[in-house]
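S.K.: sequence below, structure please.
(one chain, ligands or ions: 1)
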Amino acid sequence: MNFIDKLNAAWKRNDSLLCVGLDPDTARFPAHLQGRPDGIVEFCKAIIDATADLACAFKPQIAYFAALGAEDQLEAICRYLRDNYPHIPLILDAKRGDIGATAHQYAREAFDRYGADTVTVNPYMGFDSVEPYMEWKDRGVIVLCRTSNAGGSDLQFLDVGGQPLYQHVARLVAEKWNRNGQCALVVGATFPEELAQVRAIVGDMPLLVPGIGAQGGDIEATVKSGRTAVGTGMMINSSRAIIYAQPQGDEDFAAAARRVAAETRDAINRYRG
Ligand SMILES: O=c1ccn([C@@H]2O[C@H](COP(=O)(O)O)[C@@H](O)[C@H]2O)c(=O)[nH]1
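M.R.: Have a look, this model is predicted:
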């Protein structure tokens, strides 16, 4: 099954547009996992098992693993996801961008080494820096468009022939780059007006939408701005607010993550129309 079909099936199966972000910061781990050589794997497995029936995707952020030289633990988590939850898309958030020959190696890393269903890429270096990922026809390519951080406006709002750069990127990907129907875009939940603009440009193309939860994006505005006619079209990511949810009573960290994931999934569903 290709990435888009898998995503469509996951939206339906779990009645969810929630993407659970895996950004494991060991300093925030519960005490019993601190300092353990397999601590990242055990932390992420517990989060995955606790939220898998609530999620339409999981998104490990590679920086949290690479910073510690813990790529072996990222491999183990990706293997765990593929073996136990093969129906849930695995998004590798790496935001890669480089010349074609190097991009091909990054694509091998994402798709062959980690077995990701899709990977985030930066469009700044143009089509020949993105094309190598498209050789894997059953995988997705998620292109940065309107990022969730305030500084994204420094470049993404520059005027390009009468339209802001982020809209140019949306048109370019929708009309030219998406040759095999495998592309998606990143658009931040922190900018619902721009999210609506992108949705109007790209039709039903899936959008990865980070920025709810810890970044404060408004769920109602996000869903109403980004939903498609059938009430799907988005992987709405929340990482820290879920994986570091404060336990209540005698809950453990995974139960707390489940509680917040369920609340977030349900809040999203309230506005899907
Ligand atoms: O525009 C973007 C693109 C990617 N991200 C990534 O999403 C998560 C957000 O984490 P939270 O804890 O929910 O804030 C993180 O991995 C970012 O690298 C983004 O935030 N904005």
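S.K.: what ranges does the stretch 51-200 of the chain have for its helices?
M.R.: Along the stretch 51-200 of the chain, counting by DSSP state H, counting those that start in this stretch, helices occupy 63-66, 71-84, 100-108, 127-130, 153-156, 165-172, 192-202.
S.K.: average pLDDT across the second one?
M.R.: Looking at helix 71-84 alone, the average pLDDT works out to 98.
S.K.: picking up where we left off before, would you turn the helices of the stretch 51-200 of the chain into CSV with distance to the ligand and mean neighbour count?
M.R.: C-beta here means a position set from N, CA and C on the backbone, and glycine is covered the same way. Below are those laid out as CSV (distance: least, C-beta to the nearest ligand atom, whole Å; neighbours: other C-beta atoms under 10 Å):
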stretch, distance to the ligand, mean neighbour count
helix 63-66, 7, 17
helix 71-84, 13, 17
helix 100-108, 17, 16
helix 127-130, 16, 17
helix 153-156, 10, 14
helix 165-172, 11, 21
helix 192-202, 11, 20
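S.K.: among those, which is nearest Q215?
M.R.: helix 192-202 (12.7 Å; C-beta to C-beta).
S.K.: which elements pack onto that closest one?
M.R.: The helices and strands touching helix 192-202, judged by 3 or more C-beta pairs under 8 Å, 6 or more residues apart in numbering; DSSP states H and E, are strand 140-146, helix 165-172, strand 183-187, strand 207-210, helix 219-226.
S.K.: neighbours of R227, just the number please.
M.R.: 21 (other C-beta atoms under 10 Å).
S.K.: now it: how far from the ligand?
M.R.: Note on R227: its distance to the ligand, by C-beta to the nearest ligand atom, to the nearest Å, is 19 Å.
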